[in-house]
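Enquirer: sequence first, predicted coordinates after that:
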Amino acid sequence: MNATTGPITTRRLILQGAASVALIGLGNLPFGAAPARAAANDKYPEDAFKQKSQADAIKALYGKTAEPSDKVKLDAPEIAENGAVVPISVTTTLDKVTSISFFVAENPNALAASYRISDGTMPSVANRLKMAKTTNVVAIVEADGKLFSAAKEVKVTVGGCGG
């Protein structure tokens, strides 16, 4: 028989202590009600996502039209070998950007994605879109209450044969 006078250190005791420290640390993170209230104030643009035509989707989302701008940089491939995953990205040098949206004219629903941009955030968004066929991809940036756009035609090939 072996008698000990101090606490016995076992793997189970160490793991329980580590878990307790981790849970106490999580108590200081902002998981509270404030972020949930902020998210609840952003209304999901359901009507805009249901629109079939690009013009109707832009009108439903923004209520006005956009003007082309060289300050909006849309990066998309000229030829997409797989229409299921077409990589696109948008960056802009405009100030006071509040949203960036992607539209694909020939898709069943024209609005593909829409992002709210918080103050102080770098206005840059990347995504992979699903495209039904060859068409224009349009990016619209809302900045300082005005709309600016950039467009690029993306050719979607069947089976990766660029033609």
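Expert: Good, I have the coordinates. Numbering: from 1, shown residues only.
Enquirer: give me the below-cutoff pLDDT ranges for this structure.
Expert: Scanning the chain for pLDDT under 70 picks out 1-9, 19-44, 159-163.
Enquirer: 80 instead?
Expert: 1-47, 158-163 (pLDDT under 80).
Enquirer: Three-state assignment for the residue nearest the centre of it, please.
Expert: By C-alpha atoms, centre = their mean, the mean C-alpha position of the chain lies nearest to Tyr115, the distance being 5.4 Å. Secondary structure assignment for Tyr115 (DSSP: H, G, I helix; E, B strand; the rest coil): strand.
Enquirer: what do you get for Leu13?
Expert: Under three-state DSSP, Leu13 comes out as helix.
Enquirer: and it, how many neighbours?
Expert: Using other C-beta atoms under 10 Å, Leu13 has 11 neighbouring residues. All C-beta spots, glycine's among them, are computed from the backbone N, C-alpha and C.
Enquirer: for Val154, give its distance to Pro108.
Expert: 16 Å (C-beta to C-beta, to the nearest Å).
Enquirer: neighbour-wise, which of the two wins?
Expert: More neighbours surround Val154 than the other of Val154 and Pro108, with 20 against 7 (other C-beta under 10 Å).
Enquirer: show me what the longest strand along the chain is packed against.
Expert: The longest strand of the chain (DSSP state E) is strand 146-156. The contact analysis (3 or more C-beta pairs under 8 Å, 6 or more residues apart in numbering; DSSP states H and E) places strand 146-156 against strand 67-68, strand 72-75, strand 79-80, strand 86-92, strand 135-143.
Enquirer: now do the buried residues in the second one.
Expert: So the one you mean is strand 72-75. For strand 72-75, the neighbour count (16 or more other C-beta atoms under 10 Å) marks Val72, Leu74 as buried.
Enquirer: the longest one too?
Expert: Across strand 135-143, burial judged by 16+ other C-beta under 10 Å covers Thr135, Val137, Val138, Ala139, Ile140, Val141, Glu142, Ala143.
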